[in-house]
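J.: attaching a predicted model along with its sequence, questions to come.
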Amino acid sequence: MKQMKLVNSKEYFDVIRGCEKIVLFGCGGKGRQAIKLLDKLDIHITAACDNNKEIQGNCFYGSVCIQSLDAVLTDIQSSKACILLTCSINYAIEMEQELKTKCPDIPVYHLCNPFKIEQTLVSSAEVEENQEVLVAQYTWLGDEESKNIFTDTLNSKITGNMLPLLKYSTGNAIYTFFDEQFIPVADENVYMDIGAYTGDTIASFMIYSRGRYERIVGFEADKGNYISLQKFVQFSRVPNVETYNIGLWSHEEEREFYTSNRNDEINYDSPNLFQNVDKMADNLSLNKMDGNLACEIIHLKTLDEITKEVSPNIIKVNALAADRQIIMGGKKYIADNKPILIFEYGVTKKDVFEMLSVIKKINPEYTFYFRRKRVFGDIKTVVYCV
């Protein structure tokens with residue numbers, strides 16, 4: 001493809017597949033996700049290791065048992081081997097440096113599931129099929145940094161390797177999604193938070209804006225999260241903040257919504273507020289949720305409907321796999337008002353190829369900027385539509 005240097009997935013994984021010994025490091029939740037990706041690629045590990053002594057000796061993948069890192073390194077020094085880091089990006093940075101010292105001749109790869117709810121990677125065939133779309137998206141980007149981040153983030157969706165993205169600035173971690181280059185601080189700002197969770201990003205916006213705003217409106221579909229969001233607003237005594245227990249979609253309808261019966265007890269001590277995102281799957285919340293999952297029927301509204309009562313000039317959408325549908329439900333408002341839109345790039349595979357095109361079709365005046373941001377312990381590729 002012109003202008004973009006994209007990885008060929010077949011060639012990339014053929015190199016790994018050709019190793020005599022394939023070692024997986026990181027046997028937690030991300031490691032379990034990586035195994036599913038590897039199975040689809042017909043790549044089978046020969047050893048697994050983890051620094052957590054409590055799980056060493058347990059079976060991880062078929063007959064493969066979890067060992068210590070040092071035990072595995074002793075066994076592979078004379079072999080044609082490679083190491084797959086299947087841990088969070090923050091920990092992978094540390095481990096890559098340690099492995100460069102301990103075994104400089106053994107190649108190290110990072111492999112993590114790049115999507116929120118799908119166990120998959122983007123194939124080179126899919127890239128080829130969507131070539132014209134991707135080239136068009138590339139031309140819509142506002143600066144060179146955005147083009148570089150777009151290219152490297154797309155490569156991370158192809159390979160599962162996020163390490164090349166570490167070279168980009170991540171800005172002020174306290175501000176999370178908010179970037180001074182694209183988000184003005186002004187007394188007349190009306191900020192809408194869709195997927196407000198327990199108020200973490202609202203808190204970030206208030207810090208970023210230094211209290212200068214006209215109104216903040218937060219929407220959270222999950223009842224337990226919403227109770228925690230209400231507590232946050234109540235106990236922090238923040239002014240001019242309204243919250244609604246409403247879910248948004250591309251059109252009004254009723255849908256099934258899966259949640260925990262008691263997440264109002266666990267989410268006020270929010271992992272997003274107080275812990276790194278990679279700990280969320282192993283924290284106390286997971287234990288409390290066990291056996292208490294419930295299905296609710298919720299009525300979903302559209303962004304066009306709710307903006308009849310409020311006129312935001314800044315909208316952050318962070319609702320897992322619903323981001324694209326939510327934006328499609330705001331076609332009229334977005335076309336008429338061109339609010340600043342903020343969201344994470346490529347939450348689903350379909351979003352990789354469609355999200356920017358959907359927004360550009362709604363309002364052709366948008367220019368897109370990509371930045372890498374530290375967001376509550378995670379590092380995300382954030383898109384700014386301005």
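T.: Nice, I can see it. Given the structure is predicted, the values throughout are model-derived calculations rather than measurements.
J.: tell me the secondary structure for Thr381?
T.: Here Thr381 is recorded as strand under DSSP: H, G, I helix; E, B strand; the rest coil.
J.: would you confirm that it contacts Glu344?
T.: Yes. Thr381 lies in contact with Glu344 (C-beta atoms under 8 Å); the separation is 6.6 Å. In short, each C-beta sits where N, CA and C put it, glycine included.
J.: all helices for the stretch 151-300 of the chain, in order.
T.: Applying DSSP state H, counting those that start in this stretch to the stretch 151-300 of the chain gives helices spanning 200-209, 223-236, 263-266, 271-274, 284-289.
J.: hey, least reliable of those by pLDDT?
T.: Among the helices of the stretch 151-300 of the chain, helix 271-274 carries the lowest mean pLDDT, at a mean of 38.
J.: show me the strands in the stretch 51-200 of the chain, by range?
T.: Here the stretch 51-200 of the chain has its strands, by DSSP state E, counting those that start in this stretch, at 59-61, 64-67, 81-85, 108-110, 190-194.
J.: now those strands in TSV, with mean pLDDT and mean neighbour count?
T.: Below are the strands of the stretch 51-200 of the chain laid out as TSV (pLDDT from 0 to 100; neighbours: other C-beta atoms under 10 Å):
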stretch	mean pLDDT	mean neighbour count
strand 59-61	89	17
strand 64-67	95	18
strand 81-85	97	24
strand 108-110	96	22
strand 190-194	98	24
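J.: possible to save those as JSON lines with distance to Val375?
T.: Shown next, in JSON lines, are the strands of the stretch 51-200 of the chain (distance: least, C-beta to C-beta, whole Å):
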{"stretch": "strand 59-61", "distance to Val375": "30"}
{"stretch": "strand 64-67", "distance to Val375": "30"}
{"stretch": "strand 81-85", "distance to Val375": "21"}
{"stretch": "strand 108-110", "distance to Val375": "19"}
{"stretch": "strand 190-194", "distance to Val375": "13"}
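J.: so which of these gets nearest Met4?
T.: Proximity to Met4 (C-beta to C-beta) singles out strand 108-110 among the strands of the stretch 51-200 of the chain, at 20.7 Å.
J.: count the neighbours of Leu248 for me.
T.: Using other C-beta atoms under 10 Å, Leu248 has 26 neighbouring residues.
J.: that one against Leu300, yeah?
T.: Yes. At 6.2 Å, Leu248 counts as touching Leu300 under the criterion of C-beta under 8 Å.
J.: shared neighbours of these two, anything?
T.: Ala221 (C-beta atoms under 8 Å, 6 or more residues apart in numbering).
J.: looking at the protein, which helix or strand is least sure?
T.: Counting by mean pLDDT, DSSP states H and E, the chain has its least confident helix or strand at helix 271-274, which shows a mean of 38.
J.: could you measure from Ala186 over to Ser123?
T.: Distance of Ala186 to Ser123, given as C-beta to C-beta, to the nearest Å: 44 Å.
J.: equivalent analysis for Val135, please.
T.: Distance of Val135 to Ser123, given as C-beta to C-beta: 18 Å.
J.: Val382 now?
T.: 25 Å.
J.: so between those two, which is more surrounded?
T.: Legend: neighbour count by other C-beta under 10 Å for Val382 and Ser123, higher for Val382 (25 against 17).
J.: apart from its neighbours in sequence, what residue is nearest the more buried one?
T.: Excluding the flanking residues, the one nearest Val382 by C-beta to C-beta, 6 or more residues apart in numbering is Lys373, at 4.7 Å.
J.: confirm that that neighbour sits in a strand.
T.: Yes. Under three-state DSSP, Lys373 falls within a strand.
J.: what pLDDT does it get?
T.: So Lys373 comes in at 95 (pLDDT).
J.: next, count neighbours for it.
T.: Counted with other C-beta under 10 Å, residues neighbouring Lys373 total 22.
J.: same thing with Ser68?
T.: When neighbours are counted by other C-beta under 10 Å, Ser68 registers 15.
J.: what about the stretch 101-250 of the chain, any weak spots by pLDDT?
T.: Across the stretch 101-250 of the chain, nothing is flagged by pLDDT under 70.
J.: swap in 90 and give it another go.
T.: For the stretch 101-250 of the chain, the stretches with pLDDT under 90 are 116-118, 169-173, 222-225, 236-238.
J.: same deal with the stretch 251-386 of the chain?
T.: Looking along the stretch 251-386 of the chain with the criterion set at pLDDT under 90, you get 254-299, 320-321, 376-379.
J.: can you give me the strands in it?
T.: Going by DSSP E, counting those that start in this stretch, the stretch 251-386 of the chain shows strands at 253-260, 293-301, 314-317, 340-344, 368-375, 378-385.
J.: for Ser123, list the residues it contacts.
T.: Taking C-beta under 8 Å, 6+ apart as the test, what Ser123 contacts is Ser9, Ile158.
J.: Asn363 against Pro339, yeah?
T.: No. Judged on C-beta under 8 Å, Asn363 makes no contact with Pro339 at a distance of 9.5 Å.
J.: neighbour count winner among the two?
T.: A side-by-side neighbour count of Asn363 and Pro339, using other C-beta under 10 Å, places Pro339 first with 22 against 16.
J.: list the contacts for that one?
T.: Neighbour list for Pro339: Met192, Pro312, Asn313, Ile314, Ile315, Tyr333 [criterion: C-beta under 8 Å, 6+ apart].
J.: same question, Leu85
T.: Per C-beta under 8 Å, 6+ apart, neighbours of Leu85: Phe25, Gly26, Ala92, Met95, Glu96, Val108, Tyr109, His110, Leu111.
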